[in-house]
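Visitor: below is the sequence, then the predicted model.
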Amino acid sequence: MATIAILIGTQAGARLLAAASEREAALSAEAFLLRLPVRTLPAPLWVQCADPAVSGRLTAYLNGLQDEQVRERDARV
C-alpha cells in the first residue's frame, strides 16, 4: 500500500510515483529525475503524504537535487 505519492511534471506529461516508505519514494523520484534531459529542469513536483514532515523533507531533497543539476548544467555552458 502506497503512503507517499509524488507527481512530477514533464513536457511529455505528468508522472505519478507511489511508494510505501520515504526512502523508496526518494530513490524512485531521484532515478526518474536523473533520467530527464537536464535542459528540462527544474521540473515541477508535488509530494503528498499524511506526514507533513516527510512531505517537506522529500520536497526539499528533490528540489535540491534539481538545483544541483541545473547549477552543473549552467556551469558547463
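Guide: Structure received.

Visitor: gap between the longest helix seen in the chain and the chain center?
Guide: Longest helix in the chain by number of residues (criterion: DSSP state H): helix 52-76. On the basis of C-alpha atoms, centre = their mean, to the nearest Å, helix 52-76 sits 8 Å off its chain's mean C-alpha point.

Visitor: which positions within it qualify as buried?
Guide: Buried residues in helix 52-76, counted by 16 or more other C-beta atoms under 10 Å: Val54, Ser55, Arg57, Leu58, Tyr61, Leu62, Leu65, Gln66, Gln69. Using the backbone N, CA and C atoms, a C-beta is placed for each residue, glycine as well.

Visitor: for Ile8, pull up the helix or strand it's in.
Guide: strand 4-10 (DSSP states H and E).

Visitor: what helices or strands is that strand leaning on?
Guide: Strand 4-10 is packed against strand 13-19, helix 22-35, strand 45-49, helix 52-76, with contacts defined by 3 or more C-beta pairs under 8 Å, 6 or more residues apart in numbering; DSSP states H and E.
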